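K.L.:
everything below, folded, please.
(one chain, ligands or ions: 1)
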Amino acid sequence: MTVPLLELRSVGKTYAGGGLFSRRRVAAVKQVSFTLAAETPEVFAIIGESGSGKSSLARMVLGMSTASEGQVLFRGQDLAASRGRSARLDFMRQVQPIFQNPFEAFNPLTRVDRYLYATARNLTGAKNQSEAEAAADQALQQVGLSLTELRGRFPHELSGGQLQRAAIARALIPGPSLLVADEPVSMIDASLRMTIVNLFRELRDRLQVSILYITHDLATAYTISDRIVIMRQGEVVESGDARAVLAHPQHPYSIQLKNSVLSVEGAWNDDDDALAHGTTRSTEGTRP
Ligand SMILES: Nc1ncnc2c1ncn2[C@@H]1O[C@H](COP(=O)(O)OP(=O)(O)OP(=O)(O)O)[C@@H](O)[C@H]1O
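P.N.:
Below is the predicted model:
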């Protein structure tokens with residue numbers, strides 16, 4: 001077997017909590033293990049309610065925080081043992097983050113295209129402005145935008161959906177093999193969420209990039225993921241093929257999540273019925 005793209009071995013994260021002199025510890029992540037193969041790109045979802053440890057896990061995979069226990073290995077290299085600027089840059093070329101709120105990810109006073117040029121210069125070795133622009137335009141085309149549309153525009157001049165696409169384009173510039181997307185659509189207008197999450201599947205197929213999709217939203221995870229992990233209070237309570245897990249959820253929390261999806265889908269179907277019959281019902285705001 002080839003070396004996995006990403007491997008978590010019994011990973012734990014414990015924070016000191018309750019102030020300077022408190023001995024209280026918060027075990028945010030406990031004994032989490034999973035592997036993403038290098039040869040088969042996939043959308044791998046980590047699902048859980050608020051406080052279940054998803055973001056703590058994402059930060060460890062991104063090398064932004066170190067595991068308290070266990071190991072996070074990227075292409076066989078333990079992230080805790082990786083040191084130095086050149087190793088860091090090499091890692092950033094291969095693993096890129098997409099954050100929850102694109103309006104926080106971009107400085108409101110900086111034109112959005114500048115971020116793309118900077119990434120091209122720092123991570124792809126673009127030698128001049130025209131090479132940086134070519135890299136930016138190529139990445140923007142992958143997400144259904146273009147440099148012509150974006151050039152010179154500030155974050156507030158774009159919609160949340162456009163800005164998140166620009167953030168995804170920025171992440172694609174170095175040609176990564178893994179995107180870590182932490183709640184990437186929770187701040188996006190509900191009507192645009194599916195188009196953004198569907199984009200992840202397209203990118204998986206077109207660019208052979210794996211996506212770690214971190215979310216509390218079972219409905220989008222179910223739609224786009226190949227495999228899922230369901231977390232509760234820092235622990236994995238269920239994992240496997242997305243359809244198999246949701247067809248026969250075993251853990252009470254997974255059953256609860258599944259039922260919440262079914263009730264949302266029910267509301268959608270009712271809407272469809274109402275439209276088909278030319279009637280309307282006041283369910284605005286009930287969609288995820
Ligand atoms: N820096 C920190 N110091 C202390 N406790 C923390 C820290 N970061 C997270 N925690 C705690 O760890 C637990 C898991 O938090 P985490 O943010 O990883 O969960 P989450 O599933 O991503 O939640 P959310 O969706 O609300 O962001 C929570 O109890 C949280 O309060």
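K.L.:
from Val61, how far out is the residue most central in space within the chain?
P.N.:
Among the residues of the chain, Ala181 comes closest to the average C-alpha position under CA atoms, centre = their mean, at 1.4 Å. As for Ala181, its distance to Val61 is 11 Å (criterion: CB to CB, to the nearest Å). C-beta here means a position set from N, CA and C on the backbone, and glycine is covered the same way.
K.L.:
do Lys258 as well
P.N.:
In terms of CB to CB, Lys258 sits 26 Å off from Val61.
K.L.:
can you pick out the residue with more neighbours from these two?
P.N.:
Neighbour count, other CB atoms under 10 Å: between Lys258 and Val61, Val61 has more, with 24 against 18.
K.L.:
pull the contacting residues for the residue nearest to that one when sequence neighbours are not counted.
P.N.:
Nearest residue to Val61, sequence neighbours excluded (CB to CB, 6 or more residues apart in numbering): Val180, at 5.5 Å. If you count contacts by CB atoms under 8 Å, 6 or more residues apart in numbering, Val180 has them with 58, 61-62, 95-98, 212, 214.
K.L.:
residues making contact with stretch 125-144?
P.N.:
Contact partners of stretch 125-144, identified using CB under 8 Å, 6+ apart, comprise 113, 116-117, 120-121, 124, 146-147, 149-150, 165-166, 168-170, 172-173, 199, 203, 206-207.
K.L.:
which among those end up buried?
P.N.:
Among these, the ones that count as buried by 16 or more other CB atoms under 10 Å are 113, 116-117, 120-121, 124, 147, 150, 165-166, 168-170, 172-173, 199, 203.
K.L.:
sort out for me which of the residues you listed are in helices.
P.N.:
Secondary structure of these is defined by DSSP state H; positions in helices are 113, 116-117, 120-121, 147, 150, 165-166, 168-170, 172, 199, 203.
K.L.:
could you pick out the residues of the stretch 101-250 of the chain near the ligand for me?
P.N.:
His216 (CB under 6 Å from any ligand atom).
K.L.:
nearest to the ligand: which residue in the stretch 101-250 of the chain?
P.N.:
Here the residue of the stretch 101-250 of the chain nearest the ligand is His216; by CB to the nearest ligand atom that distance is 5.8 Å.
K.L.:
which residues does that residue contact?
P.N.:
47-50, 54, 183, 186.
K.L.:
can you check Met92 too?
P.N.:
Contact analysis of Met92 by CB under 8 Å, 6+ apart lists 123, 174.
K.L.:
gap between it and Gly48?
P.N.:
Counting by CB to CB, the gap from Met92 to Gly48 is 26 Å.
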